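# For reference, the sequence and a predicted model appear below.
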Amino acid sequence: MSRRMRWFAVVPVALALLGATLGFAFKGKSDAKAEIKAQLDAWLVAFKAKDSAKVMTFYGPGDSVLAFDVVPPRQYATADAYKKDYEELFKMIDGPLNAEINDLSITTSGGDMAYGHSIDHLSGKTPDGKPVDLTVRVTDVYRKIGGKWLIVHEHVSVPVDITNGQADLQSKP
């Protein structure tokens, strides 16, 4: 067989293998993004229901969680500490808690780590009837643990006007 004929035989096989490999890699990333999005959708249902136990099923176990929230303390270094933060938030809202996740972006590496960010809005009323209307920036780091994408790091923040020290709770662009 001539060199040219061998190339005609080898190149299609090589291209097919490359295509299959790339297709698998992209499918894995796409599947991871879809799994994480589904997790966030389920988290949002639990959040709106003010179910702190269910909310925490979307976070890593024990001390695998580190969270920075908009309220003190500076950090929550365990899942249990962060659960208490959620419990306090849910106590501050009387009646329905409205929430939505906007501008969601998820980036995966093809392995067991991913990150995402979004702009989240929540509203409701305090027990004394005062309105709560808050827009926050959220960055999450996900790790696949036991076959499930879980949040292991979360950073929730609002912009602050440095000149007057006031938080921008509406976080307008």
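It's in.

# did I read that right, Asp41 in a helix?
Yes: the assignment for Asp41 by DSSP: H, G, I helix; E, B strand; the rest coil puts it in a helix.

# Can you give me the neighbour number for it?
By the measure other Cβ atoms under 10 Å, the count of residues near Asp41 is 10. For glycine as for every other residue, the C-beta is placed from the backbone atoms N, C-alpha and C.

# Could you check the pLDDT of it?
For Asp41, the pLDDT comes out at 97.

# where's it relative to His117, distance?
In this view, Asp41 and His117 are 16 Å apart by Cβ to Cβ, to the nearest Å.

# try Asn102
Per Cβ to Cβ, Asn102 is found 11 Å from His117.

# Please apply the same query to Lys144.
19 Å.

# now the helices for this structure?
3-48, 52-55, 79-91 (DSSP state H).

# what residue is smack in the middle of this structure?
Asp140 (4.4 Å; Cα atoms, centre = their mean).

# now it: how far from Asp80?
19 Å.

# likewise Gly116?
Here the distance between Gly116 and Asp80 works out to 24 Å (Cβ to Cβ).

# Of those two, which one has the most company?
Gly116 (21 against 13).

# Can you check what pLDDT the model gives the more buried one?
Looking at Gly116, the pLDDT reads 98.

# Not counting its neighbours along the chain, what's nearest it?
With sequence-adjacent residues excluded and distances taken as Cβ to Cβ, 6 or more residues apart in numbering, Gly116 is closest to Ile106, at 4.1 Å.

# List the contacts of the one you found.
32-33, 36-37, 114-116 (Cβ atoms under 8 Å, 6 or more residues apart in numbering).

# what bridges to Leu134?
Beta bridges link Leu134 to Leu122 when assigned by DSSP bridges.

# and it, how many neighbours?
Leu134: 17 surrounding residues under other Cβ under 10 Å.

# Same question for Ser52.
Ser52: 19 neighbours (other Cβ under 10 Å).

# Ok, the one 3 residues further on next?
Other residues near Val55 number 22, with proximity taken as other Cβ under 10 Å.

# Tell me who's in contact with it.
43, 46-47, 83, 86.

# how near is the residue nearest to the centre of the chain to Gly95?
Distance, Asp140 to Gly95, using Cβ to Cβ: 27 Å.

# Of the contacts of Ile106, grab the buried ones for ChimeraX.
To isolate the buried ones among those in ChimeraX, judged by 16 or more other Cβ atoms under 10 Å, type:
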select :32,33,36,114,116
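
# so can I have TSV of the contacts of Ile106 showing distance to Ala53?
Shown next, in TSV, are these (distance: Cβ to Cβ, whole Å):
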residue	distance to Ala53
Ala32	26
Lys33	27
Ile36	21
Lys37	22
Ala114	24
Tyr115	25
Gly116	23
